[in-house]
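Engineer: Structure for this input, please:
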Amino acid sequence: MMMKNAVFNQLAHARRYFEAKAATYDTEAHGSYERLTDVLLSEALNLSVFPRLPDKFTFLDVGGGTGRWSARIATTCQESSGVLLDVSAGMVRHAEERARSHGYLDRVRHIRGDVDQAGALLAGMRFDLIINTHHLLGFFHSPELVLGSLVPLLSDHGLLVSVMPSRWHAAYGDLSVGDADRARKSLSGLSWEANEKPYGHLFTPGEVRMLHLSAKLTVDLLTGFPCLIYPTPLGAASPSLRSAEELLRDETFFRKVLAMEIELLIDPDAGSRGANLLAVASRRKPSGD
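Structural biologist: Numbering: from 1, shown residues only. This is a model prediction of the structure:
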């Protein structure tokens, strides 16, 4: 019961935060660094996920927010159909408006609901792709419970794609503003105090593998991105240093960085450097079993 209450309390905290952000969520995340991050995730999906799915695949965008990634999937893969599930009613409204304006509302259902209710809300449904791209697992103190609630919704040959906040990157951000005590707290993996979002858990690559193993999933790809350039926290840069955001506004520089980052997406060691951790998992057994 205590664990169930902890999940509920964290959900309530996340719901309040994202409901307040619903109207401005997209416009607050459209800088050059965010653009680089989005392009890299799109590239990873194109390389490692979409080729493994049937043409008429079904998807679940859990914690899908205002539908940025549902839109990319539905407009790129026009025979796909799916469900967006989010805890915030405001986010779901914006996602529906996006679907209507882009012409895929008939293929994607939009549901307001808590993650721990996903099994009941979507009972009997199975998805070829379950995706959570907004650090969903990072907003819970017990991410194993959240992952466990999603696995029964995965089809036999389906893929579960998760983007998670890196514990080491959080500590880097803390140290870059000179706060060693806060970095120590981030390294505990229990919070990210320098970030305003209500994080409840941060991850290392090894922990990601163990988390999926406990859910009887095999991690087919574990990488990180971006690896070579990080945003500089406000006030951390000296006058002689240019921020990542400023540098990436130069299109030539952006393209050069992007090319190098794409090369690292397939490197199994990239997770140790990545600001975000990306895991692509399936039910299949590792080779040799």
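Engineer: give the contact list for the residue most central in space within the chain.
Structural biologist: Using Cα atoms, centre = their mean, the residue of the chain that lies closest to the mean C-alpha position is T133, 2.5 Å off. T133 makes contacts with L41, D61, G63, G64, R68, W69, V161, V163, as judged by Cβ atoms under 8 Å, 6 or more residues apart in numbering. For glycine as for every other residue, the C-beta is placed from the backbone atoms N, C-alpha and C.
Engineer: what do you get for A281?
Structural biologist: L159, L160, V161, S162, H212, L217, T218, V219, D220.
Engineer: Would you write a PyMOL line that selects the buried entries of the residues you listed?
Structural biologist: The following PyMOL line selects those of those that are buried, judged by 16 or more other Cβ atoms under 10 Å:
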select buried, resi 159+160+161+162+212+217+218+219+220
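Engineer: E251: which of the contacts of A281 is nearest?
Structural biologist: Minimum distance to E251 across those is 28.7 Å, recorded for V161 (Cβ to Cβ).
Engineer: Skipping adjacent residues, who's closest to that closest one in space?
Structural biologist: I131 (4.5 Å; Cβ to Cβ, 6 or more residues apart in numbering).
Engineer: just R72 next, same as before
Structural biologist: R72 sits nearest to S42 (Cβ to Cβ, 6+ apart), 6.7 Å away.
Engineer: what's the helix or strand where that neighbour lies packed up against?
Structural biologist: For S42, the host element (DSSP states H and E) is helix 32-48. Under the contact definition 3 or more Cβ pairs under 8 Å, 6 or more residues apart in numbering; DSSP states H and E, helix 32-48 sits against strand 218-225, helix 244-248, helix 251-265, strand 276-282.
Engineer: which neighbours does the last one have in its sheet, and in what orientation?
Structural biologist: Going back to what we said before, that points to strand 276-282. strand 154-165 (antiparallel), strand 218-225 (antiparallel) (DSSP bridges).
Engineer: Go through those strands and name the closest to A95.
Structural biologist: Once the strands paired with strand 276-282 are compared by Cβ to Cβ, strand 154-165 is nearest, at 17.7 Å.
Engineer: And the next helix or strand past the closest one?
Structural biologist: helix 167-176.
Engineer: measure the closest residue to S155 other than its chain neighbours to L211 for me?
Structural biologist: Computed as Cβ to Cβ, 6+ apart, the closest residue to S155 that is not its neighbour in sequence is R126, at 4.3 Å. Plainly put, R126 is 22 Å away from L211 if you go by Cβ to Cβ, to the nearest Å.
Engineer: the more surrounded of the two?
Structural biologist: A direct count of neighbours by other Cβ atoms under 10 Å for R126 and L211 places L211 higher, at 23 against 14.
Engineer: Does the more buried one touch P143 like I think?
Structural biologist: Yes. Contact criterion Cβ atoms under 8 Å: L211 and P143 qualify, at 6.3 Å.
Engineer: Next, show the common contact partners of these two.
Structural biologist: By Cβ under 8 Å, 6+ apart, the residues touching both L211 and P143 are L137, F203.
Engineer: L187: neighbour count?
Structural biologist: Neighbour tally, L187, other Cβ under 10 Å: 15.
Engineer: beta partners for the residue nearest to V161?
Structural biologist: Beta-bridge partners of I131, as defined by DSSP bridges: D61, V161.
Engineer: measure it to L187 for me?
Structural biologist: Distance from I131 to L187, by Cβ to Cβ: 28 Å.
Engineer: quick one, strands of the stretch 51-200 of the chain?
Structural biologist: 58-62, 81-86, 108-112, 127-132, 154-165 (DSSP state E, counting those that start in this stretch).
Engineer: quick one on the thing from earlier: need the contact list for the residue nearest to S155.
Structural biologist: Contacts of R126 by Cβ under 8 Å, 6+ apart are T58, L153, L154, S155, G158.
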